[in-house]
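K.L.:
Show me how the following folds:
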Amino acid sequence: SDGRRERCSPRSITRSPPIGGIQSGAAQPSVEKQAAVSRLIQIYSLRGHQIADLDPLGLEKRPMPAVMRLDQMGLGDADLDTAFYVGNFAGQTDVRMTLRELMGVLKRVYAGTVGADYAHLSRGRERRWIRERLERGMLSDPWSDDDRRHILRQLTAAEGIERYLHTRYVGQKRFSLEGGDSLVPLLDDLIQQGGAGGIQEIVLGMAHRGRINVLVNILGKAPQALFSEFEGVYDPARVKGSGDVKYHMGFSSDIRTPGGNVHVVLAFNPSHLEIVNPVVEGSVRARQERRGDVDGTAILPVLLHGDAAFAGQGVVAETLQLSQTRGFRTGGTLHIVCNNQVGFTISDPRDARSTAYCSDIARMIEAPVFHVNGDDPEAVVFVTRLALDYRQTFHKDVVIDLVCYRRHGHNEADEPGATQPLMYQAIRKHPTTRQIYARKLMERGVLDAPE
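P.N.:
Here you go, the predicted structure:
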C-alpha cells in the first residue's frame, strides 16, 4: 500500500539520538538481506555475552562464534550502508538503521562490559522484559555528575580501608576485596534502590572475600572495633573461638534510604563457605512469615559467592533447587558472584569446572545471569538495578557475575605469583578500579585532579 511505502522511505524515518538515523541516500535491502539482519539481532541478543568485554585484565581470549559473523549470514561490507528494518528497539517501534549503525548498537548493548545471559529462560515475557530494559539502559546515560561522584566516593572508601590494613597489619589474613572494589558501590546502590522500592529488610550471606570491607563501608562497623580485632583485643563476653573471627562475624544495622530505614543483617559464617546459603534463606522465610510478606517484596535475601565455590559446592545447587518450592520459597534471591577467575590457587578456571561460566549452575532454575566487568562501576550499578527490578517483578532468583580479580592472592599470606604467574604479572601493572574510574571522570570533565 502507499502507506507502507511511505513508512519504508528513508526520508520519513525519525530516531532518538542514542540510536541514530540513516542517510537519505541509503540503499534499500533485499528480502534475504532483511531476514539475515533479523537473525543477526536475535543472535546478538541471546549470545552477545560470549564475546563481551568482561575480563578487567584482558587475559581471557574470547573468539567470535562463527554464527555471529556477518559472512555466515550472507552479509558483508557492501551492506554496511544499507538501511534495514530492525523492529522494536529500546522501547521504540518501527526502527530502521544502517547495518553499520546496527553493529555498533548491538556491540554496545550486548557485547560491551555487560553480558546478559538469558537465552535459557523458557518464558518469552521474561526474555522480552530483560531485552527491552537492557537496550533502553545501555543506549541511554542515566547517571548525573553527582551519581558519578558518589560512585567514586564508594570506590575510594573501598580502596582506602584495604590500603590502610595492608600497610598497618602486614601479612595478616583479611581476604581483601582489592580487585573487586565495585562490590561496595553495588551493595550501596542495592540497599538504596531497594529501600526506595519498598524493601524493609535485607539478609546478606557471604564468605570471607571482602567481608571486612562490607562491614565497615556498607554496614557502618566502627573502624576502631575492626582494628582492635586485628590487634587481638576481643571482649571475651562476646567472642568465643579462634582469633580469625574478624572475617566470620555477623553484624546488623539500620541504613537510611529514600524509602525509610532498611534493616540489613550480615549472617555469621564459618569457614565452610556456602553453608550460609540455607541459613539466610531460612532466616528470610521466617521474617517474611512473621511480617505477612507473602510474595517476598519487603524482605530480600542476598547471597555473595566466590566463583569456584558457586560452581563447585553442592549446597549451592541444593539451595537453588528449593527456591521455587512452596515450603521454602522467599520470592527470589539476588546472587552476587565475586568472580576472581581463580579458585584458591588453581592456575586456570578450565581445570576447576566443566562449564563456560562459574554461574552456569543457575541455569537449571532458569535464573538470568548478568555478567559484568568489575572495572566498569557504572555498568555494575546498572546491572544491579536491573537484577533487583527483575527479582521484584518476577519473584525469581537472579545472578550478577561480577568479573574481577584478587590483587593480593588468596589471603595476603601467600605468594600468588607462584601459582598464577601470568595473571599476577598483569595485575601488578593494572591500575585499580578507583584509578581507572577517576581518570574517566576527569576526561569527561566531571571533576578535576584536586577534587
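K.L.:
use CA for all of it now, contacts and neighbours both
P.N.:
Fine.
K.L.:
Which secondary structure elements does the lengthiest helix in the chain sit against?
P.N.:
Criterion DSSP state H: the longest helix present in the chain is helix 145-168. Applying 3 or more Cα pairs under 8 Å, 6 or more residues apart in numbering; DSSP states H and E, we find helix 145-168 packed against helix 183-196, helix 211-217, helix 377-394, helix 433-444.
K.L.:
One more pass at 7 Å, please.
P.N.:
Counting contacts by 3 or more Cα pairs under 7 Å, 6 or more residues apart in numbering; DSSP states H and E, helix 145-168 is packed against helix 183-196, helix 211-217, helix 433-444.
K.L.:
okay, which residue is most central for the protein?
P.N.:
Centroid-nearest residue in the chain: Ile400, 3.9 Å away (criterion: Cα atoms, centre = their mean).
K.L.:
For it, give me its contacts.
P.N.:
Listed by Cα atoms under 7 Å, 6 or more residues apart in numbering, the contact set of Ile400 reads His335, Ile336, Val337, Val369, Phe370, His371.
K.L.:
what's around the fifth one, how many residues?
P.N.:
Read it as Phe370. By other Cα atoms under 10 Å, 23 other residues sit near Phe370.
K.L.:
For it, give me the backbone phi and psi.
P.N.:
Dihedral pair for Phe370: phi -110, psi 100, per degrees, to the nearest 10.
K.L.:
need the contact list for it.
P.N.:
The contact partners of Phe370, by Cα under 7 Å, 6+ apart, come to Val114, Gly115, Ala116, Asp117, Val383, Val399, Ile400, Asp401.
K.L.:
which of those sit farthest apart?
P.N.:
Val114 and Val399 (12.9 Å; Cα to Cα).
K.L.:
tally of neighbours for Leu219?
P.N.:
Neighbour count of Leu219, defined by other Cα under 10 Å: 20.
K.L.:
ok, it to Val316 distance?
P.N.:
Distance, Leu219 to Val316, by Cα to Cα, to the nearest Å: 25 Å.
K.L.:
Is the residue nearest to the centre of the chain located within a helix, as I assumed?
P.N.:
No - using DSSP: H, G, I helix; E, B strand; the rest coil, the assignment for Ile400 is strand, not a helix.
K.L.:
Tell me where this protein has helices.
P.N.:
Under the criterion DSSP H, the chain carries helices at the ranges 2-8, 31-47, 99-110, 124-138, 145-168, 183-196, 211-217, 223-230, 276-291, 307-312, 314-321, 377-394, 421-429, 433-444.
K.L.:
Mind listing what's buried along stretch 274-283?
P.N.:
Using 16 or more other Cα atoms under 10 Å as the test for burial, stretch 274-283 gives Glu274, Ile275, Val276, Asn277, Pro278, Val279, Val280, Glu281, Gly282.
K.L.:
I meant to write stretch 39-46 there.
P.N.:
By neighbour count with 16+ other Cα under 10 Å, stretch 39-46 contains the buried residues Leu40, Ile41, Tyr44, Ser45, Leu46.
K.L.:
any idea which of these is closest to Gly74?
P.N.:
Leu40 (10.6 Å).
K.L.:
The closest one: what's it in contact with?
P.N.:
Met68 are the contacts of Leu40 under Cα under 7 Å, 6+ apart.
K.L.:
Now do it against Gln392, distance only.
P.N.:
As judged by Cα to Cα, Leu40 and Gln392 stand 31 Å apart.
K.L.:
try Pro416
P.N.:
The value you get for Pro416 to Gln392, if Cα to Cα is used, is 40 Å.
K.L.:
for Gly180, same thing?
P.N.:
Separation of Gly180 from Gln392 (Cα to Cα) stands at 26 Å.
K.L.:
show me what contacts the residue nearest to Tyr110 when sequence neighbours are not counted?
P.N.:
Distances taken as Cα to Cα, 6 or more residues apart in numbering place Gly48 nearest to Tyr110, at 4.9 Å, with adjacent residues excluded. Applying Cα under 7 Å, 6+ apart to Gly48 gives the contacts Tyr110, Ala111, Gly115.
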